[in-house]
Structure formats: C-alpha cells, structure tokens
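In: sequence? don't have it. structure:
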C-alpha cells in the first residue's frame, strides 16, 4: 500500500515535472509546446551518449540539462515566435511545435538508432528501506526535486517582482508591455525553464527507462495528460495532476492488472474532461462552480 | 446579364463534372501503382476539405481527424468482418458514428475554449491509436485487411475499370459539393462571424456553440466517410491513424491555404504525393517531414492560395481602384415597420423592473433599476464611467442574466432568454467597438443581421446552390442588406469593399445597418458615436430620427450629453449602479442630482 503510494508519487513527480514544463510555457505565452516530451528524451540520450564517450556522470548530466534548456529556447525562436508574430491569436503553433517534435525525435533516432541505450545507474543503485516500502535514493531525490520545483515556482511568482511582472504578462501581454515588461524576455525565460524542467525529469527517470528516441512521445503524452488532469492555467496545478496520474496509474497496475497503465490514464483524463474540464486544481474549480450553480439565484452567471 | 452569368456557371459546372468523370475513368483503368497514389491522395483531399471546414471556416483546430478517420476505416472493416454487413449499409453507419463522436467531443471541450478543443481532440486521437494498437479485436499493431468492395459485372468493368475507384470518386465529389455549397451559401458569412465575431453573431441570433458543434459533427462525418472509402484500398494498421496523421492533415490545409476553396485540395495533393516523389531513408524522410511542418507554418501561414490572393489584391490596388468615397446621407423612403412584435406590448416597448445584478457575490453592480422605454421614442441611457450602463445593456440583450428583477420586451418576459433568442422577439443591438468579420465585404457582414429571418439556413447550406428557394433567399438577403446599407448612407460603391479596408466610421455604420436590416422593433445602440467624426455624428443622429419615424424604438448609450439631450425623447441616468432619474429629456436635464453627478455642475 505504502509502496504503491510512494512509487506512484515518484512516477507522478516525473509526469508532474513534464506537465509543469508545459504549464510554465503556457503560463507566459499561451502556447502549448508539444515538443516538451522530446526535450526530456534529449536530456536522457545526451547523458547516455556523453557518458559512453567517457565523460564523468555529473558532467554528462550537466551538459544534457544545458542542452535541453537551450533547445527549449531554440524551439521558441524557430517554431513559436514567428507564428505569434504573424497572428498572436492563431493556433498554428500546434503544427510547428509538433513538427519540431518530429524533427528532434527523428534526428535522435538517426544519431543513436532506435534501440535502447544504457543510462548511468548513479543513485538508483542505492536502496533505502522504509517500514513497508523500499525506495532508491534516486526516487527520493525525485520527490525532493518535485517539491522544490513547485515551491520555488510559487515563491518566485508570488514574492518577487519578476514573478509579479510574469503574472501581469500572463494576464495580458499587451498591457504589460505598455508599462515596460519585456514580453520576449519572459517568453524566452519560460521556454528555458520549460526545457530545464523537462530535462530534469529526464535525468531523474533515466536510470529506470534507459535512453531511446521514442521516450519523448511516451512521457510527452503522459505529461500532457497530467496537465489536462491538473489544469493548464497554473504550473503548480499541473504538478498536482502529475501526482494524481502517477499514484492512480501505479494503483491501477497493482490492483487491476499489469497492462492497466496503458489505458488507465486515458480513462482518467476522459473523466476529468467530463467532470472538471478546466482541470482538478483549476482556479475556478468544479466544486466551487457546483456551489455557485446552486446559488445562481443570488449570484447570477453569464448567460 | 444575371441569366447569362448563371448560364456560364452552369456550363462551367458541367465541364468540371465531365472532366472529373474522365479523370476517374482514367484512374479506374490505370495500373495498380498509379491507382494507389491517386486513391490515397483523393482520401487526403476529402480529409483536408473536411478539416478546413472546422479549422478554416469556424477556426477550430481539430487534431482529432485522424481518430475520426480511424472510426470510419476500422468501423467499416470490423463490422464487415464480424457482422458481415453490406458495405453500402456500412457507409451511413460509420458516417453517423463519426459524426456522433465529433458532436460529443465538441460539446465536451467547447464548454471551455477553442484551445481545449484542440487539446481534447489531440487526446482523442491518441486514445483511438492506443485502443487500436492494444486490442486483439483490431489485431493490434499488426493491423488487418479491409473488406472487398464489390466489383462491377464483367462487361461493365471492361468499360469503367475498377469499381472502388468510382466509390472513392463519389466520396470526393460528395465532399466537394457539401463544402463548396456551404462556402457559397448565406450561412458562410454567419460561420465566419462565429469564428471572428462571436458577440456580434450571438446578438444577431446565432447560437454559436450549437453551430460550432454542428459543423464539427459534419466535418467528423465526412472524415468517417473518407475512412469508409480508405478501408477498401489498403491494409490498415494503427500507424496510419496516429496524431502525426492529424498534424499532417492540418499541414495540408495550411500549405494550400486555409479557408479557401482550392487550398485544401492543393495541399492534400502536394503532401499526398510527397512520399511517392521523395524516396529517401525513412528516418531522414521523417526529419524532412517535420521540418516541412515548421517551414509551412512559419513562412507560408497563408498558404499557396492565400499568397496568390495577396498578390492579386496588391496588383489590383496598384492598378488604382482608390475609392475615397465618403458616406453621404441619402433620404430613403420610409419603409413600413413590419415586425409582428410591434403590435404587442402596447405603448411600452421595453420595461425593466427592479433589476439587480452582480458579477461577484456581495459586490452589486446594479441595484433596483427601473426603466421604461416608450414605443417609438429615442431613449438615452447615460451615466459616468462604471455606472453600469453596459451591464444594463447586456442584461437587456441577454449577454447576462439578472439576479433580480424582470425585463419585458414587447409584452414578453425575456430576462431568462439567451442572447441569440432575443432577435426573434424584435430586439437587436450594436456593440461599443464593433468587431465584424474583416475578410467579408460590408454587404456580407450586413446579411448576418438577417440570420434569424431565414428558415433552416444551416440545414439547407450543404446543398445551397442546388436549391431554387436558397438562391431566392440569397438574392433577398443581398437586396435587403443593400437597402439597409443605403439607408445608413453607404452607397453601392461601398458594398463590395472588404471590411478590413474601410475606415472606422464605415465599420460602425455597417454594424448599424446589420442591426436594422431585420426590421427590429427595439434597437439598442451601445456608444454608436465612439470614434466618429463630427460630420458622422450628425449623420448618425439623422439615421436615428429616421428610424423613429419608422416606428422603431431606439435605446442609445452615449457619453456625449449634448447628443443625448438634443436627440432623445426620454433619458435614464445611472450613477454607481443606481437609478438617478428617468423621464422626458427636458425634465431630466433640469434635475438637480443629474447636474450634480453627471454634468458636474
């Protein structure tokens, strides 16, 4: 039971980090970067490749993180900025970011081949025995990193001027730019943070998955589902969606059957779309809305 | 001349049909390799056309078309295999199934936003893919062959070739007829208004959510039909129906030109023959493919047809068609106000009693407002910024619903009716800053105002040019819209001009024309003078007086008190969400509190 919960939270944190990577980018630019999963894959495969070339583990990890961050920014300049420049409200970035995802995936498949690459075991070899459950140090590190990511994000957003300006841009970039906010810098920053978070998720999950070019698809879709479950409007909500998805998927695997995690996330996301289309942790959450609907006689809603 | 034109368009149609049949005959007798290129491309044409109907015309980026396509293809294959149903019986079954799934997806996600629609349909395609790959029923990733399409009898086959090619051709033809008919129909401007100017569409009686869901269901049905034809052609496996296929379809639409007649067809042909022409290493081909997605969106957002259009427009404007006509007032014969609703409700056109409203509980925006508008008067509504004028107008027009109080319009209680159902009660409104459809002419924009007067416009739009009654309606709409434009002083030379090319004043007048074209009995104008020049203000005043002569009741919100007191019979004054006074203009003007809170004296 505890094992299921802890394993679920660990996997969920990975999904949550990918979902946060989506959400941070969306928060500032209102764009869903569909190549986010591929950034995770890039960090895993680069680490694997660099370590195989003889670099120490820590250096491989460092370079891989920098690479996924930089690639995030490159995606912004190549696939997003020109599209938004043509029409700020167009959805054409759906096509261009998915196109970039295909390019990255196919390029890495050419370089590394479609087979799996070994990933440094690192902290994953060290088990930690708890009463009723066993985790590895890597998994504990994952939980800590996940918690730090959410805390750090919320602190910066609420307590610093940078964060508050970010909120203003998120609400209305045009008005924010009239009082001197550099919207482009924030967009670059968002894509960098998104790339970094996705890369981080890759490093953390690498020892379990090993490296292969199609991981981006798998984890990109899981992260995206976590995003839909939690709610796209707030990165912290996205992490929450990841945790829910992780715990319930592992639970489904243990209690329903080994194949359940193949289809279970989709059932879950369908339920969420039906019952709370804005996401479980969205600011105008479904519970509050239900309450409001009941008291609509005294409040009045939009017709 | 019109008869000659129609004759010419008939001749063109016949020529096109003959050419299409000849091409089909050629394909049906061609060798197998060429046939597979042609049929796959033809299926892409159907899918791209159906996708453009949602993505281009109503602005909903569907990533679900691969999944809907799969419903058609796998549905046909599996039902034929397991239930041994006739393939022609399966056609309506899979079309309806895909359309229902589309309607469900649309209804679920459009509650939230257009972006959620894209994301939900994306997830839908992934779910379909995962289901197909993991189920033993569908033979998993390995895939399965489709049913056999019945051959022509031997002697017919000698003349016409392979029967399935004719089936594919029929599917293409049906799709083209439906999509092009909608583009030619009077419904088309309405659809663009749903895409670009939703409040405007709703104010003109269009149930925009229903229209979006309906169009997506139609598009989904067409995608299902494409799947039906596809099932006879190739061995099916889940890989053909993944999200990449969805994006691929969007790329076809964009590369050819969104929301154009030929664009999706051109795009489908280009992308369809790409893998047959470019034969390289499959991984490298994928890189090129992905790069094409990005390049198309970044460098050719308008697509090929859009680019051609742009060049044509540039050349035309360079050749000098610089019309600098100024809107001039032309006296028009007073048309009899024919609205049936005018006879109801007696002398009171509109009354609001005890209206209370708040956006957030505990913060009332309007408190206990009473307002009575006498029939056939011009009624001014004034108040300082934030006094609740626009909220009151939104309550009257149905964009918002009051928390308390009742609104009676021509004798009917309307406060619980939605905005799109109020035009039927004789109420039309305009918005403070007009948002109309920039790529339509001002005449087409005006016809949207007649939406609620044309019966079954949506249902008839799929075969519009074939229906004599629809052609009559089209003519009637253009005539009425033209007359309305002339009645606000916009003469014929303006009517064909695209809205994006007209000055702000003309845009405002176009909005006014579309709000009076359906002969409403009550007209609500939200700051009609915003951004108008002095001459244009006089012009609008004249229009209002002419409307009053016709028996129309006009409610005007305005900041220019001079305009209000010079032109209104009655005036209602609001301040901080409360009624200050309401009554004949002269009395209101003399009211001490009005002078204090509003006139600043």
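Out: That came in fine, so what should we check first? Keep in mind that what you see is a predicted model, and the values were worked out from it rather than measured.

In: Could you give the number of residues near the residue lying closest to residue A:209 once chain neighbours are set aside?
Out: Spatially, and ignoring its direct neighbours in sequence, residue A:209 is nearest to residue A:215 (5.8 Å; C-beta to C-beta, 6 or more residues apart in numbering or on different chains). Every C-beta, even on glycine, is put in place using the N, C-alpha and C of the backbone. A count of neighbours around residue A:215, defined by other C-beta atoms under 10 Å in any protein chain shown, yields 24.

In: Show me the helices in chain A, by range?
Out: With DSSP state H as the definition, chain A shows helices at residue ranges A:2-29, A:36-52, A:57-75, A:81-86, A:93-112, A:137-159, A:161-171, A:173-178, A:183-209, A:215-230, A:235-255, A:260-275, A:286-294, A:296-299.

In: Oops, could you answer that again for the stretch 51-200 of chain B instead?
Out: Read by DSSP state H, counting those that start in this stretch, the stretch 51-200 of chain B holds these helices, from start to end of the chain: B:65-83, B:87-109, B:114-134, B:154-160, B:163-184, B:187-196, B:198-203.

In: helices and strands around the longest one, which ones?
Out: Read it as helix B:87-109. Judged by 3 or more C-beta pairs under 8 Å, 6 or more residues apart in numbering or on different chains; DSSP states H and E, the packing partners of helix B:87-109 are helix A:260-275, helix B:65-83, helix B:114-134, helix B:208-231.

In: Now tell me what touches it from outside.
Out: A:273-274, A:277, B:60, B:64, B:68, B:71-72, B:75-76, B:79-80, B:85, B:116-117, B:119-121, B:124, B:147, B:149-150, B:212-214, B:216-225, B:227-228, B:232 (C-beta atoms under 8 Å, 6 or more residues apart in numbering or on different chains).

In: Now list the buried members of those residues.
Out: A:273, A:277, B:60, B:64, B:68, B:71-72, B:75-76, B:79-80, B:116-117, B:119-121, B:124, B:147, B:149, B:212-214, B:216-225, B:227-228, B:232 (16 or more other C-beta atoms under 10 Å in any protein chain shown).

In: a helix runs through residue B:455, doesn't it?
Out: No - the assignment for residue B:455, made by DSSP: H, G, I helix; E, B strand; the rest coil, is coil rather than a helix.

In: so what's the backbone phi/psi at it?
Out: phi -80, psi 140 (degrees, to the nearest 10).

In: so who does it touch?
Out: Residues touching residue B:455, when contacts are defined by C-beta under 8 Å, 6+ apart, are absent altogether.

In: Against residue B:286, how distant is the spatially closest residue to residue A:46 that is not a sequence neighbour?
Out: In space, not counting the residues next to it along the chain, residue A:46 is nearest to residue A:64; the distance is 4.1 Å by C-beta to C-beta, 6+ apart. Between residue A:64 and residue B:286 the computed distance is 23 Å (C-beta to C-beta, to the nearest Å).

In: try residue B:245
Out: 13 Å.

In: picking that back up, please tabulate the helices and strands packed on helix B:87-109 in a markdown table and include distance to residue B:519 as additional columns.
Out: Compiled in a markdown table, the helices and strands packed on helix B:87-109 are given as follows (distance: least, C-beta to C-beta, whole Å):
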| stretch | distance to residue B:519 |
| --- | --- |
| helix A:260-275 | 43 |
| helix B:65-83 | 42 |
| helix B:114-134 | 34 |
| helix B:208-231 | 23 |
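
In: just so I know, which of these lies nearest residue B:390?
Out: Nearest to residue B:390 among these is helix B:208-231; the distance by C-beta to C-beta comes to 20.3 Å.

In: For the next helix or strand after the closest one, name the packing helices and strands.
Out: Tracing the chain past helix B:208-231, the next element assigned as helix or strand by DSSP states H and E is strand B:235-236. Applying 3+ C-beta pairs under 8 Å, 6+ apart, one finds that strand B:235-236 makes contact with helix B:65-83, strand B:144-145.

In: And those: which comes nearest residue B:586?
Out: Taking C-beta to C-beta as the criterion, residue B:586 comes closest to helix B:65-83 out of these, the separation being 63.6 Å.

In: Run a quick neighbour tally on residue B:86.
Out: 11.

In: Now the closest residue to chain B within the stretch 1-150 of chain A: closest residue in space, sequence neighbours ignored.
Out: Of all residues in the stretch 1-150 of chain A, residue A:99 sits closest to chain B, at 2.7 Å by C-beta to the nearest C-beta. Taking C-beta to C-beta, 6+ apart, and ignoring the residues beside it in sequence, residue A:99 has residue B:293 as its nearest neighbour in space, at 2.7 Å.

In: contacting residues around the one you found?
Out: Neighbouring residues of residue B:293 by C-beta under 8 Å, 6+ apart: A:95-96, A:98-100, A:102, B:247, B:251.

In: so which pair among the residues you listed is furthest apart in space?
Out: Set against one another by C-beta to C-beta, these have their most distant pair in A:100 and B:251, with a gap of 13.0 Å.

In: Any stretches of chain B with poor pLDDT?
Out: Low-confidence segments of chain B, defined by pLDDT under 70: B:1-6, B:320-345, B:598-601.

In: mind redoing it with 80?
Out: Residues of chain B that meet the criterion pLDDT under 80 lie in B:1-9, B:111-113, B:275-282, B:317-346, B:362, B:433-434, B:531, B:594-601.

In: for the stretch 1-150 of chain A, same thing?
Out: Ranges of the stretch 1-150 of chain A meeting pLDDT under 80: A:1, A:87-90, A:121-125, A:130-133.

In: Output the contacts of residue B:293 in JSON lines; the columns should cover neighbour count.
Out: Conversion of the contacts of residue B:293 to JSON lines gives the following (neighbours: other C-beta atoms under 10 Å in any protein chain shown):
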{"residue": "A:95", "neighbour count": "27"}
{"residue": "A:96", "neighbour count": "29"}
{"residue": "A:98", "neighbour count": "28"}
{"residue": "A:99", "neighbour count": "29"}
{"residue": "A:100", "neighbour count": "25"}
{"residue": "A:102", "neighbour count": "25"}
{"residue": "B:247", "neighbour count": "27"}
{"residue": "B:251", "neighbour count": "25"}
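
In: Residue A:165 and residue A:176, how far apart?
Out: Remark: distance between residue A:165 and residue A:176 (C-beta to C-beta) = 7 Å.

In: Spell out which parts of the stretch 1-150 of chain B neighbour chain A.
Out: Among all residues of the stretch 1-150 of chain B, those adjacent to chain A (criterion: C-beta under 8 Å from any C-beta of the partner chain) are B:61, B:63, B:108-109, B:111-112, B:114-116, B:118-120, B:122-123, B:126-127, B:130-131, B:134.

In: Just the buried ones from the residues you listed, in PyMOL syntax?
Out: Here is the PyMOL command that selects the buried residues among these (16+ other C-beta under 10 Å):
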select buried, chain B and resi 61+63+108+109+112+114+115+116+118+119+120+122+123+126+127+130+131
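
In: picking that back up, give the contact list for the residue nearest to residue A:46.
Out: Counting by C-beta under 8 Å, 6+ apart, the residues that residue A:64 touches are A:42-44, A:46-47, A:50, A:199, A:202-203.

In: nearest to residue B:24, of the residues you listed?
Out: Compare each of the contacts of residue A:64 with residue B:24 using C-beta to C-beta and the shortest gap goes to residue A:42, at 47.8 Å.

In: returning to what we had before: now render the helices of the stretch 51-200 of chain B as CSV, adding distance to residue A:238.
Out: Shown next, in CSV, are these (distance: least, C-beta to C-beta, whole Å):
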stretch, distance to residue A:238
helix B:65-83, 24
helix B:87-109, 18
helix B:114-134, 13
helix B:154-160, 58
helix B:163-184, 38
helix B:187-196, 29
helix B:198-203, 28
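
In: I figured residue B:347 was touching residue B:372, is that so?
Out: No - contact between residue B:347 and residue B:372 fails when scored by C-beta atoms under 8 Å: they sit 9.7 Å apart.

In: Who has more neighbours out of those two?
Out: When residue B:347 and residue B:372 are compared for neighbours, residue B:372 comes out ahead with 17 against 9, by other C-beta under 10 Å.
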